[in-house]
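Novice: no letters, just coordinates:
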């Protein structure tokens, strides 16, 4: 969901895993999305993967919960008219 003109709203990490939170504008306001990835080093270059193994799916579940909570905090700090959706964090 990354866009060169759109900067992430927040990035949270748990070891090599990260959740990048994006604010996405629409005609009716905006919504949030989350991109999950695993950072690894190949030679001298850092790269991201969207493949997980071992206990990483459990870490990913914890990270998803943290991202959900952070989006709720971000929404609570915003003006109500800025939110397109009024349900749970997305």
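Specialist: Nice, I can see it. All of these numbers come straight from a predicted model, not from anything done at the bench.
Novice: could you check the pLDDT of the residue of the chain most remote from its centre?
Specialist: Centroid-distance maximum for the chain: residue 43 at 26.7 Å, with Cα atoms, centre = their mean. As predicted, residue 43 sits at a pLDDT of 96.
Novice: what sits against it?
Specialist: Counting by Cβ atoms under 8 Å, 6 or more residues apart in numbering, residue 43 touches no other residue. For every residue, glycine as well, the C-beta is placed using N, CA and C.
Novice: oh, and call the first residue 28 from now on, that's how I've got it
Specialist: With the count now opening at 28, the last piece we talked about shows up as residue 70.
Novice: ok, it to residue 80 distance?
Specialist: According to Cβ to Cβ, to the nearest Å, residue 70 and residue 80 sit 21 Å apart.
Novice: residue 99 and residue 65, how far apart?
Specialist: The value you get for residue 99 to residue 65, if Cβ to Cβ is used, is 25 Å.
Novice: higher neighbour count, those two?
Specialist: Neighbour totals were compared for residue 99 and residue 65, and residue 65 leads with 18 against 13 (other Cβ atoms under 10 Å).
Novice: helix/strand/coil for that one?
Specialist: Following DSSP: H, G, I helix; E, B strand; the rest coil, the label given to residue 65 is strand.
Novice: which residues does it bridge with?
Specialist: Counting by DSSP bridges, residue 65 is bridged to residue 44, residue 76.
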